[in-house]
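>>> Test case, fold it:
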Amino acid sequence: MTSEIYFAEVEGKEYQIEILSETRVVINGASHEIDYQPLKKHSSCSLLVDGKSFEPNTYQENGGWEIILTGKRFNVLVEDERERRLRLAAGESTLQEGRYILKSPMPGLVIDIPVKVGDQVMEGQVLLILESMKMQNELTAPRDGKIARIQAKVNDNVERKQTLLIME
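Model prediction:
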């Protein structure tokens, strides 16, 4: 197997990921042993990285990935070398521009919405707290912006992919 190189952006930080084999990756120059197994429930997987166990939930959304790990939500943009070269040649920046639609990554109960329409929010700020499978998940802003519309209310039961709010 020849190695494959990908670039991932997580919370504004870029990572270069080289996949050497099914059990070995290099992330920003550091080698890691991995074991990845998809699980049957929802979009969960079992992930061992250098012997440390993780069980993230992953969803493909908004042109990238949403990953929920230990109750925290991360927006992750992934592109291969070719996609990256094309985007940079076209003078495009990252996907963090324009309208952002926050959709529920899983079914759950809206516990809190600490923002209101018109609020200016900063990247990483909590937009909504969703309880699912007895865990509270903080859904955060992927970038700075303004809350344009809120389509959920506290105590609403929401379905996966249901629009919760829109940010511009």
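
>>> Please, where are all the helices along the chain?
In the chain, the helices defined using DSSP state H lie at 81-89.

>>> Tell me which helix or strand in it has the weakest average pLDDT.
Here the helix or strand of the chain ranked lowest by mean pLDDT, DSSP states H and E is helix 81-89, holding a mean of 74.

>>> in this protein, which ranges drop under the pLDDT threshold?
1-2, 41-42, 61-63, 87-98 (pLDDT under 70).

>>> let's go with 90 and repeat that
Counting by pLDDT under 90, the chain has low-confidence residues at 1-14, 16, 18, 29, 36-46, 55-107, 123-124, 132-144, 160-163, 166-168.

>>> what's the domain layout of it?
1-97, 98-168 (automatic domain parsing).

>>> Need the winner for burial among these.
domain 98-168 (a mean of 16; mean count of other C-beta atoms under 10 Å). Using the backbone N, CA and C atoms, a C-beta is placed for each residue, glycine as well.

>>> just how off-centre is that domain within its chain?
Domain 98-168 sits 13 Å away from the centroid of its parent chain (C-alpha atoms, centre = their mean, to the nearest Å).

>>> what's the span of stretch 34-43, first residue to last?
19 Å (C-alpha to C-alpha, to the nearest Å).

>>> ok, residues contacting it?
Residues outside stretch 34-43 that contact it (C-beta atoms under 8 Å, 6 or more residues apart in numbering): 23-25, 44-49, 55, 57-59, 106.

>>> from the residues you listed, which single one is nearest S132?
Checking the contacts of stretch 34-43 against S132 with C-beta to C-beta, the nearest one is M106 at 4.8 Å.

>>> Please verify my assumption that the closest one contacts L130.
Yes: assessed by C-beta atoms under 8 Å, M106 is found in contact with L130 at 7.5 Å.

>>> shared neighbours of those two, which are they?
Contacts common to M106 and L130, judged by C-beta under 8 Å, 6+ apart, are N137.

>>> on that earlier part again, which one of the contacts of stretch 34-43 is nearest to A148?
Using C-beta to C-beta, the contacts of stretch 34-43 come closest to A148 at Y59, 22.4 Å.

>>> Can you give me every residue that contacts the closest one?
Y59 touches S43, W65, E66, I67, I68, P105, M106, R160, counting by C-beta under 8 Å, 6+ apart.
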